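Chemist: quick one: sequence plus predicted model below, questions after.
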Amino acid sequence: MKAIHPVKLMIVSTLAGPLLLGCALVQQLLPGITLSDSNIVSLLDRLDEGEIDAAQLAQTKASDPEVQAFAGRVLNEHRELANANGRLATQLSLQPKPSALGSQLQQAHEQAMRELRALSGPAFDRAYVQHEIRQHVWAFNFLETTAESEGNLPLKQELVRTGPDLLSHISAARALERHLGPEQRGAVASR
């Protein structure tokens, strides 16, 4: 039996969800799902752009000062990561090339931004923090899995170097989630 490339498995499981993992469809899809170095750099760019976009929104809409401060931190650090990605692409003479996964990330980001823009106050704060946790966990898993199989040493080093930054964002977002407390449920309607 042929071993499944870890990046392919992660991408399929992320996109298709648990229902497809046992299907023959996955076996048909796996051979076509590969990411070039240019695709990986493009995905890194896409992730940073999404984080910058969401953080800019949170700086203007968040009602909690700690959420605003977190958004400022995410904004600055993802700008730095985006600059590092640009330098790496130049160093490796790579032109970022969007992939199908990048298109799906873009669509998911646009949907999340629509949902965030519709919220305000504490509901926005909680939704933004939850969004950040989901995005950073996905990004960390992507980086970790991709780094394990990456043959381009400078790209692999950048993926490994970026991981702790993402873990730090996850930790800070989870602390914020605890700070914000559980979502307040509406009053129970009278009978």
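Modeler: Cool, got the structure.
Chemist: got the buried residues for the helix or strand harbouring A173?
Modeler: Per DSSP states H and E: A173 is located in helix 153-180. Neighbour-count burial for helix 153-180, with 16 or more other Cβ atoms under 10 Å as criterion, is recorded at 155-156, 158-159, 162, 165-166, 169-170, 172-173, 176-177, 180. C-beta: built from backbone N, CA, C; applies to glycine.
Chemist: that one - what's its average pLDDT?
Modeler: Regarding helix 153-180, the rounded mean pLDDT is 95.
Chemist: helices or strands up against it?
Modeler: Applying 3 or more Cβ pairs under 8 Å, 6 or more residues apart in numbering; DSSP states H and E, we find helix 153-180 packed against helix 37-61, helix 65-91, helix 121-149.
Chemist: domains of this protein?
Modeler: Following automatic domain parsing, one gets these domains for the chain: 1-34, 36-180.
Chemist: between the two ends of the longest one, how far is it?
Modeler: It stands for domain 36-180. Using Cα to Cα, to the nearest Å, the end-to-end distance of domain 36-180 comes to 40 Å.
Chemist: list the contacts of the nearest residue to E158 once chain neighbours are set aside.
Modeler: Leaving aside its sequence neighbours, E158 sits nearest to L88 (Cβ to Cβ, 6 or more residues apart in numbering; 5.2 Å). By Cβ atoms under 8 Å, 6 or more residues apart in numbering, L88 lies in contact with 41, 94, 154-155, 158.
Chemist: now do 7 Å
Modeler: Contact analysis of L88 by Cβ atoms under 7 Å, 6 or more residues apart in numbering lists 41, 154-155, 158.
Chemist: and of those residues, the nearest to T60?
Modeler: Proximity of the contacts of L88 to T60 (Cβ to Cβ) peaks at V41, which lies at 29.6 Å.
Chemist: where in the chain is pLDDT low?
Modeler: Low-confidence segments of the chain, defined by pLDDT under 70: 1-33, 183-191.
Chemist: so who does the most centrally placed residue in it touch?
Modeler: Centroid-nearest residue in the chain, with Cα atoms, centre = their mean: Q135, separated by 3.3 Å. Residues in contact with Q135 (Cβ under 7 Å, 6+ apart) are 50-51.
Chemist: what do you get if the cut-off is 10 Å, keeping everything else the same?
Modeler: 47, 50-51, 54, 74, 105, 108-109, 112, 166, 169-170, 173 (Cβ atoms under 10 Å, 6 or more residues apart in numbering).
Chemist: distance to L35 added to those, as CSV?
Modeler: Shown next, in CSV, are the contacts of Q135 (distance: Cβ to Cβ, whole Å):
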residue, distance to L35
L47, 13
G50, 18
E51, 20
A54, 23
V74, 25
L105, 12
A108, 17
H109, 18
A112, 22
L166, 18
H169, 23
I170, 23
A173, 26
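Chemist: of all those residues, which comes closest to V129?
Modeler: V129 lies nearest to A173 out of those, by Cβ to Cβ, at 5.3 Å.
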